[in-house]
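Sequence first, then the predicted structure, then my questions.
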Amino acid sequence: MMETMEQLTEVFDVGLALNSVGGEREFLTEVVGLIQAAWPTLMAEIRTGMARGDLCTVEKTARLAKSAARNVSAKRAYESALQLEAVARKGDLQAVQSASMDLEREVELLRFFLSALGNDECFP
């Protein structure tokens, strides 16, 4: 299924991300690099927390993932992390597993888009 431009913008809104750093491409690239480096650790922490039944860790790590997504204007990853945080807080392990899979999928898609950010053609 082909994603529409609006759906792609929800994955990663380059214009909004650039605005959030005052239009500084180089700084945005640095922020993206830091967040790209953080994703594997964040997702591993969520998986480890789920495996141990430690939903407090899942909730806290989902909150960090939410902040990371917000810092790069990644609406869908942000919403997935927000959902994971909420169901972890409620203690619903089955919902946590589902929300975690959604976040994993969104993060993979986001990481694909962010990895292309270094290309000048990605900037408006």
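Looks like it came in fine. Numbering: from 1, shown residues only.

Outside of stretch 96-115 itself, list whatever touches it.
For stretch 96-115, the surrounding residues in contact (C-beta atoms under 8 Å, 6 or more residues apart in numbering) are 8, 11-12, 32, 35-36, 39, 43, 46-47, 50, 55, 58, 62, 65, 69, 72, 74, 76-77, 80-81, 83-84, 87-88. From N, CA and C alone the C-beta is placed, and that goes for glycine too.

Sort out for me which of these are in helices.
When the contacts of stretch 96-115 are checked against helices (DSSP state H), the matches are 8, 11, 32, 35-36, 39, 43, 46-47, 50, 55, 58, 62, 65, 69, 76-77, 80-81, 83-84, 87-88.

Quick one: buried ones out of those?
11, 32, 35-36, 39, 43, 46, 50, 55, 58, 62, 65, 69, 76-77, 80-81, 83-84, 87-88 (16 or more other C-beta atoms under 10 Å).

Going by contacts, tell me the helices and strands next to the helix or strand hosting Gly15.
Using DSSP states H and E, Gly15 maps to helix 14-20. Applying 3 or more C-beta pairs under 8 Å, 6 or more residues apart in numbering; DSSP states H and E, one finds that helix 14-20 contacts helix 25-52.

List the buried residues for the helix it packs on?
For helix 25-52, burial by neighbour count (16+ other C-beta under 10 Å) applies to 28, 31-32, 35-36, 39, 42-43, 45-46, 49-50.

Show me what it is packed against.
If contacts are counted by 3+ C-beta pairs under 8 Å, 6+ apart, helix 25-52 sits against helix 14-20, helix 55-71, helix 93-115.
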